[in-house]
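Asks: turn this into a structure:
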Amino acid sequence: MAPIVYSTHALHPRAEAMVRAVAELRIASALDAGTLAREAEPATIVVVRAPLPTVLFERAKGLRAAIRHGAGVDMIPIEAADAAGVLVANVPGANARSVAEYVLFAALMLTRRFRTIDRDLRGQGWLAGRAHAESAGELFGRTLGLVGFGAVGRATAAIAGAFGLRVIVATRRPDTALPAGVEARALDALMAESDILALCCPLTAETRGLIDARRLGLMRRSAVLVNVARGPVADEAALVEALQAGRIAGAALDVFATQPLPPGHPFFRLDTVMLTPHLAGITGESMERMGVGVAEEVERILAGGLPLNFVNPGVAEAYRKRFP
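Replies: Numbering: from 1, shown residues only. Predicted structure coming up:
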């Protein structure tokens, strides 16, 4: 029998063709925990774009690997994978350009007050829209603060220079080599100095709640926040309070503590907030890159190799005992 690759979502056609050449591809019929655990039982490899339940790793006895279609692996219970001797891989950097372009797009939208202008032009007429123009601003000469300097942070910094933005970064790795013109800051200093604060870090125990009420209080009243990391990196209640009180000028949010964002959430009532449904990293181009990266890992693992982007390398010995 052909090995089974079970994916939570459909893949890019090019990636799908690559997978079907080496395995049977099955797509999840639903994304609830019960369905995923049940349908993944015969799987050899799981492709991940939705949170996996821990029980999946207990029930899928022949599972070799869980491959994240993207970079962040918070959707995969790593401890459960380790306990089951299952490889975890991802495709870091494949969507970095898409996310970086979103950060600059969001910064432009907020700085030029696009939502307010568009709303008033549509609802009140030409002059009402134009009335906001003189309170809008340019990106040139402003300071972009990046929290996290992985693939997304680096891609964002590279683009930011074209807008004349000054770039500062706070990273958990103080020995990180920075490109020319990019300066390191401690997080609190970065919060106080940034005109545009972009959250680009992974969600970990260390970064959960990282941007809390105290740190939001360090920001300039004219500053804006862009979150392309994960919702829980920022304390949502504290962020709502800061926005409602005008202690920061606005926010562009692509990720949330609860997804989908619940109807009636205070974010929907704030004119200074731009909302998108976790799509910063999704474009036609990035979907192809991520899908092909996943397919290449599938090929590598089914051929007896270990992942190129190996998230839990400590499991290799246990994995080899399961699949000599």
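
Asks: all contacts plus neighbour counts: C-alpha atoms, from now on.
Replies: Will do.

Asks: ok, the residue of the chain most remote from its centre - contacts?
Replies: Relative to the centre of the chain, the most outlying C-alpha is that of L127, 38.2 Å out, by CA atoms, centre = their mean. Remark: with contacts taken as CA atoms under 8 Å, 6 or more residues apart in numbering, L127 is in contact with L121.

Asks: check contacts around E297.
Replies: When contacts are counted by CA under 8 Å, 6+ apart, E297 is found next to 67, 89, 307-308.

Asks: filter those down to the buried ones, PyMOL style.
Replies: Buried subset of the contacts of E297, written as a PyMOL selection, criterion 16 or more other CA atoms under 10 Å:
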select buried, resi 67+89+307
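
Asks: just the ones of the contacts of E297 in strands?
Replies: Secondary structure assignment (DSSP state E) places 67, 89 from the contacts of E297 within strands.

Asks: how about the contacts of E297 in TSV, adding pLDDT?
Replies: Converted to TSV, the contacts of E297 look like this (pLDDT from 0 to 100):
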residue	pLDDT
I67	98
A89	98
P307	98
L308	97
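
Asks: quick one: which of the contacts of E297 is nearest to C200?
Replies: Closest approach between the contacts of E297 and C200, by CA to CA: A89, at 19.9 Å.

Asks: was I right to think that closest one contacts F310?
Replies: Yes. Applying CA atoms under 8 Å as the test, A89 and F310 come out as touching, 4.9 Å apart.

Asks: do a quick rundown of the strands in the stretch 1-150 of the chain.
Replies: Applying DSSP state E, counting those that start in this stretch to the stretch 1-150 of the chain gives strands spanning 4-7, 24-27, 45-48, 65-68, 87-89, 143-147.

Asks: show me how far the fourth one is from its chain's centre.
Replies: Taking CA atoms, centre = their mean, to the nearest Å, one finds strand 65-68 lying 17 Å from the centre of the chain it belongs to.

Asks: who does it touch, helix- and strand-wise?
Replies: In terms of contact count using 3 or more CA pairs under 8 Å, 6 or more residues apart in numbering; DSSP states H and E, strand 65-68 is assigned the packing partners strand 45-48, strand 87-89, helix 284-302.

Asks: just the residues contacting the first one, thanks.
Replies: What it means is strand 45-48. Residues contacting strand 45-48 (CA under 8 Å, 6+ apart): 4-9, 40, 63-69, 75-76, 294, 298.
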